[in-house]
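> Here's my sequence, what's the structure:
(chains A and B)
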Amino acid sequence: MNFNPNRPIYIQICDGIIERIVRNDLKKGSQLESVRELAVSLNVNINTVRKAYNTLEDKNIIYKKRGIGTFISEDGALIETLRNELSQRVIKEFLEKMHAIGYSDQEIMQVLGEDIYDNEN
Amino acid sequence: MIMKINGLSKKFYTKEVLTDIDLTLEKGRIYGLLGPNGSGKTTLMRIVANIIKNTTGEVRVNDLLLGKETKKIVAFMPTSNFFPKWMKIKDTVDYFSDFYEDFNKDMCYEILQRESLDLGLKVKDLSTGMTEKLKIALTISRNAKLILLDEPFNGIDIIAKESIKKMIVQASNNTNAIMISSHLIDDMESLLDDVILLKEGRIVLNSPAEVLRDEKGLSIKAAYKEVF
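Alright, predicted model coming up:
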């Protein structure tokens, strides 16, 4: 994982975990790696990973079972909300970039339509 | 608290190389001691390792004033390659094991195996990256309260750098503190809890790295550039 050094790294770790949940790489109710395991695999200090876990726990996205480990929420509606939020963010970033290079909304619709049509065929 | 420095200075003859240093290191954290060459990083580490004496001020490690007892709980890795040429990797392990009471031989063998450092290899045949990995493996295999690594990323290729970072994260736990000196900032962004910037012998910035990013939107590198 490559981090943007200008943004808090714990937020980027949260985002990474949310992406894995939304993609269904991390399934509802399944166990997440321990703080230490994720720290070692990302080469990030343990405190930053712990802060990411605490942040996700505050949002009920993950929960801890004492002495057993950390698990992904089983709340399907919550996960659907996360999925929607993530797609909204990606769309917003995409639109901002397209506007920045001078595309109107209509042109964006047109090129998107063409691209999707090409991909389907 | 693992280490506390109050009002420290260091003079070599008339030249002052460290001035008014106050610094506290807490357990469970990884500190980056950053600054250009000649800013006093190595001198500060050598003082804490009790190799040279400070001119003024007080340093305590685990509440003990510097001395024989603190040497037992401080593991210092210098930049120099300190092994005699004839040694094999196995000999360096035995050497550390004889020298330091807190050395964990099994842990060292485990790390060396993970890093594919064969015990039969001769020290003089190792590449720069392998030598650095060996030095770090030996240093962190001491169960020290304070681990001081002087420029562990100097002259190392990117693959070796990643394994060294991994070794450092693995060595970090809630009973020790690790301080890494470096003038290379890029590789350290995600590794460090705290950033200490040293300029001409003075601490000009001491902050958690995430606070820099969160409150100022600054990477460690950007904060470094603002100061130097």
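> list the contacts for A:Val22?
Residues near A:Val22 by C-beta atoms under 8 Å, 6 or more residues apart in numbering or on different chains: A:79, A:82-83, A:86. For glycine as for every other residue, the C-beta is placed from the backbone atoms N, C-alpha and C.
> Now name the helix or strand holding the residue nearest the centre of chain B.
Per C-alpha atoms, centre = their mean, the C-alpha nearest to the average position across chain B is that of B:Leu149, at 1.9 Å. Secondary structure from DSSP states H and E places B:Leu149 in strand B:146-150.
> elements contacting that strand?
For strand B:146-150, the contact count by 3 or more C-beta pairs under 8 Å, 6 or more residues apart in numbering or on different chains; DSSP states H and E identifies helix B:41-48, strand B:74-77, helix B:128-140, strand B:177-182 as packing neighbours.
> quick one: the last one to helix B:41-48, angle?
So that's strand B:177-182. 150 degrees (axes from the mean of the first three to the mean of the last three C-alpha atoms, to 10 degrees).
> quick check, strand B:177-182 touching chain A?
No: using C-beta under 8 Å from any C-beta of the partner chain, we find that strand B:177-182 stays clear of chain A, coming within 9.2 Å at best.
> which residues touch the residue nearest to the centre of chain B?
Each residue near B:Leu149 by C-beta under 8 Å, 6+ apart is listed here: B:77, B:136, B:139, B:168, B:178-181.
> Could you give the bridge partners of B:Leu18?
B:Lys10 (DSSP bridges).
> What does B:Val61 show for phi and psi?
Phi and psi for B:Val61, reported as degrees, to the nearest 10, are phi -120, psi 120.
> Please, where are all the helices along the chain?
Just so you know, I chose chain A. Along chain A, the stretches classed as helices by DSSP state H are A:9-22, A:35-42, A:46-58, A:76-100, A:105-120.
> switch to chain B, that's the one I care about
Using DSSP H, helices in chain B cover B:41-48, B:68-71, B:89-99, B:105-114, B:128-140, B:158-171, B:209-216, B:220-227.
> Out of those, which is closest to A:Gly69?
helix B:158-171 (19.2 Å; C-beta to C-beta).
> Against which helices or strands is that closest one packed?
Judged by 3+ C-beta pairs under 8 Å, 6+ apart, the packing partners of helix B:158-171 are helix A:35-42, helix B:128-140, strand B:177-182.
> which one is B:Glu101 nearest to, not counting chain neighbours?
B:Lys72 (6.6 Å; C-beta to C-beta, 6 or more residues apart in numbering or on different chains).
> can I assume the one you found is in contact with B:Phe103?
No: using C-beta atoms under 8 Å, B:Lys72 makes no contact with B:Phe103, being 11.0 Å away.
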